[in-house]
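Chemist: no sequence for this one, just the structure:
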DNA sequence: TACTAGTTGAAAATGATGTTCAGTTAGAGG
DNA sequence: CCTCTAACTGAACATCATTTTCAACTAGTA
Ligand SMILES: [Mn+2]
Ligand SMILES: [Mn+2]
Ligand SMILES: [Zn+2]
Ligand SMILES: [Zn+2]
């Protein structure tokens, strides 16, 4: 769960104005636990700001991804959704059934990265990791 | 480098016919080292089969991904390219400069996965990992 | 050789995302 | 409070990769 005020501050610090549309998007992002995509955000944001357009949603999600408040998810069924992201190096664990996305930290890949680097001669700069599984609620529902 | 005959066998085993178009695509896939995308494959395949259309390329790449001969890559600049893939559980290391993609195996994430699973209650089923870096050739060119 | 399920490509449809632009507004400064 | 302006907005339109359609074609089997 993201802190709404922190988001507003970050936007201001970036020279962005806080419009009604943006506030609506921020509220959706700050109160959603799980995957977000432009269409869904637009729909939800209209509860608070009925005249918001998809264009603005796209623009706002872009900004939020830029400042690191959202991270793009890459899933078997598409690569156009986001998950709320905390500052710092994190990865996501995603429920393949309901789409819930939770962050985790503490990925120690140094041994793996070193081994691959020395075997291939590559200079490894970054890694991208996602875990897929089933959340507790969806496990329970399965029984 | 993928074995062309093996690919042809796999397609046959699947009940696919070996058309001139498909042979052309297979040859491109089997002889390319690095990223592939539909447009590029189509262009290259036309050297052997000038009348091939993009539609067929898309269809053939789909099949190849299905049988595991190609793996979809997810990169900062898009998620619509593939890399040749060997059978078994592998991941890719991709050069952010020239797009060369090499496979590696031996990802031991069990400790990480167990830790995350017990912390979150998720049942982890799968993981996606990609390393990004600079290949030896691109490192040299940088000096 | 004859048959047919599978295949093909041009054309049209789709669908997500980006761009344009004329009008609107947040919010800094007076 | 006003004023001013850079930032913002949404409808309409443009893009562009990918999918669908469909009538014609063909690999491979009998
Ligand atoms: Mn990490
Ligand atoms: Mn692995
Ligand atoms: Zn779930
Ligand atoms: Zn390179």
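Modeler: Arrived safely. Note that the coordinates shown come from a computational prediction; the quantities given were computed from them, not determined experimentally. Numbering: from 1, shown residues only, chains lettered A, B, ... in the order given. Ligands and ions are numbered 1, 2, ... in the order given.
Chemist: list the contacts of stretch A:113-129.
Modeler: The contact list for stretch A:113-129 (C-beta atoms under 8 Å, 6 or more residues apart in numbering or on different chains) reads A:74, A:91, A:107, A:109, B:74, B:93, B:95-96, B:102, B:104, B:106, B:127-136, B:139. The way it works is simple: take the backbone N, C-alpha and C, and place the C-beta from them, glycine included.
Chemist: buried subset of those residues?
Modeler: Among these, the ones that count as buried by 16 or more other C-beta atoms under 10 Å in any protein chain shown are A:74, A:91, A:107, A:109, B:74, B:93, B:95-96, B:102, B:104, B:127-135.
Chemist: ok, which stretches of chain A are helices?
Modeler: Per DSSP state H, chain A carries helices over the ranges A:4-13, A:20-31, A:38-45, A:54-66, A:110-120, A:136-142.
Chemist: give me the residue at the spatial middle of chain A.
Modeler: In chain A, the centroid-proximal residue (C-alpha atoms, centre = their mean) is residue A:83; its distance is 2.1 Å.
Chemist: now the top strand by length along chain A: how far from the chain's centre is it?
Modeler: Selection of the longest strand in chain A by residue count, based on DSSP state E, yields strand A:123-134. Averaging C-alpha positions (C-alpha atoms, centre = their mean, to the nearest Å) puts strand A:123-134 14 Å from its chain's average.
Chemist: and it, is it in reach of ligand 3?
Modeler: No - remark: strand A:123-134 sits outside contact range of ligand 3, by C-beta under 5 Å from the ion, the gap being at least 6.0 Å.
Chemist: what residue ranges in chain A score low on pLDDT?
Modeler: For chain A, applying pLDDT under 70 flags the ranges A:1.
Chemist: near ligand 3, which residues of chain A? Just list them.
Modeler: So chain A meets ligand 3 at A:95, A:97-98, A:100, A:135, A:138 (C-beta under 5 Å from the ion).
Chemist: can you do 6 Å?
Modeler: A:95, A:97-98, A:100, A:135, A:137-138 (C-beta under 6 Å from the ion).
Chemist: of these, list those near chain B.
Modeler: Contacts with chain B are made by A:95, A:135 out of the residues of chain A next to ligand 3, judged by C-beta under 8 Å from any C-beta of the partner chain.
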